[in-house]
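> sequence and computational prediction follow.
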Amino acid sequence: MAPDEQYVGDGGLGRNSSAVRRSPLDDVHNHPLVRRWLLHSADSICQWVSCARRREGPSRSSSAATGPLGVFLHSGVGSAGEWREVFSQWPEGYRLIAVDAYRGGDGPGAPGQRTLDDYADQVHAVVNHVGEPVHLIGFSWGGATGLHVAVTTPEVLASLTVVEPEAYSLLRTEHAQAFAEIAELRDRWREHVRADRWYEAFEEFVDFYNGPGSFARWPTDRREAFLEDQRARGDLWDVLFDAPLSAEALTMVAVPVHVVEGSATSAVDHAICDVVLRHVPHVDHTVIEGAGHMMPLTHAAELARTLVAAVARA
């Protein structure tokens with residue numbers, strides 16, 4: 001996805017960094033459904049979002065919202081804009097932050113040496129600022145990051161919801177067939193990229209998650225912008241394949257976890273969700289009928305209802 005709007009900037013601050021200082025830039029933007037407050041430091045920009053219910057007339061939101069705090073993580077090839085439609089469905093009174101891992105194009109950590117710790121540090125940057133455990137919602141790559149946070153620093157979480165987490169390393173010992181399928185996709189992708197066939201690499205990748213012919217149907221300018229972004233991000237497969245996530249580690253997760261999957265998703269994603277469901281001690285499960293992997297875009301209303309309920313139960 002190549003959204004034309006991003007909700008939250010790259011946190012860019014490690015788990016040991018000092019708190020981000022709030023800056024009163026209330027008039028930077030006004031969205032029909034939300035008002036934004038920017039948080040600034042020398043190294044990062046985050047956006048604070050207070051949601052209002054959808055109404056016929058102009059919406060209202062309050063900077064004094066004190067409800068549950070949700071932090072949203074996007075997919076590996078997307079941005080915080082993936083959560084736009086879900087945010088538009090959210091009830092009033094909540095505090096919502098969507099982290100954009102690649103705001104500015106650089107991404108966390110050192111190129112070629114990134115690990116899930118680098119992406120987890122963006123969550124810690126938010127927690128350092130707000131000073132309280134958060135309800136973490138991770139989609140795809142963001143779900144793998146969320147599981148890593150739950151395993152390594154559960155004290156920063158009030159709950160975790162994962163929407164089809166791309167925790168490929170879980171499949172290595174738990175589901176050989178699904179692991180082989182995603183590894184073959186990775187290897188074909190790399191073969192294309194080595195030959196500078198970026199279009200073919202991402203045509204197969206996008207179609208794997210969205211259905212045959214999906215990438216070809218994108219408008220040309222959207223495809224070109226997307227491919228430019230992905231060239232800058234480079235080869236990130238090893239971050240997920242080599243992640244220190246195992247079935248044994250999941251048995252130690254102490255926070256409540258909610259797993260969300262689509263009924264029409266891939267066998268790989270079904271297999272990953274199954275591993276999480278079988279090993280996390282305190283886990284709930286929701287299947288969204290008719291949804292594939294990209295449900296934040298295709299089934300935003302159903303997903304929003306599920307996520308709101310998960311946060312309320314935690």
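Thanks, I have the structure now.

> could you dump whatever helix or strand residue 228 lives in to PDB, C-alpha only?
With elements delineated by DSSP states H and E, residue 228 resides in helix 220-233, which encompasses its position. Provided in PDB are the C-alpha atoms of helix 220-233 (Å, rounded to 0.1, in the frame of the first residue of the first chain):
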ATOM      1  CA  THR A 220       0.700   3.100 -12.500                       C
ATOM      2  CA  ASP A 221       1.700   6.100 -10.300                       C
ATOM      3  CA  ARG A 222       0.800   4.200  -7.200                       C
ATOM      4  CA  ARG A 223       2.900   1.200  -8.300                       C
ATOM      5  CA  GLU A 224       5.900   3.400  -9.100                       C
ATOM      6  CA  ALA A 225       5.800   5.200  -5.800                       C
ATOM      7  CA  PHE A 226       5.400   1.900  -3.900                       C
ATOM      8  CA  LEU A 227       8.400   0.300  -5.700                       C
ATOM      9  CA  GLU A 228      10.500   3.400  -5.000                       C
ATOM     10  CA  ASP A 229       9.700   3.100  -1.300                       C
ATOM     11  CA  GLN A 230      10.500  -0.700  -1.300                       C
ATOM     12  CA  ARG A 231      13.900  -0.200  -3.000                       C
ATOM     13  CA  ALA A 232      14.800   2.200  -0.200                       C
ATOM     14  CA  ARG A 233      13.700  -0.300   2.500                       C
END
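
> so which elements touch it?
Helices and strands touching helix 220-233, as assessed by 3 or more CB pairs under 8 Å, 6 or more residues apart in numbering; DSSP states H and E, comprise helix 198-210. The C-beta positions use only the backbone N, C-alpha and C, and glycine is treated the same way.

> ok, then the element right after the helix it packs on?
helix 214-217.

> now that following helix: how far from the chain's centre is it?
Averaging C-alpha coordinates over helix 214-217 and over its chain gives two centres that are 22 Å apart (CA atoms, centre = their mean, to the nearest Å).

> run through who's touching that helix.
Under the criterion CB atoms under 8 Å, 6 or more residues apart in numbering, residues 202, 203, 206, 207, 223 lie in contact with helix 214-217.

> out of those, which comes closest to residue 163?
For residue 163, the nearest member of the contacts of helix 214-217 is residue 206. The distance, counting by CB to CB, is 17.7 Å.

> separation between the residue lying closest to the closest one once chain neighbours are set aside and residue 300?
If the residues on either side of it in the chain are set aside, residue 206 comes closest to residue 215, at 4.1 Å by CB to CB, 6 or more residues apart in numbering. The span separating residue 215 from residue 300 equals 21 Å under the rule CB to CB, to the nearest Å.

> show me which of those two is the more surrounded one.
Shown here are residue 215 and residue 300; by other CB atoms under 10 Å, residue 215 has more neighbours (21 against 18).
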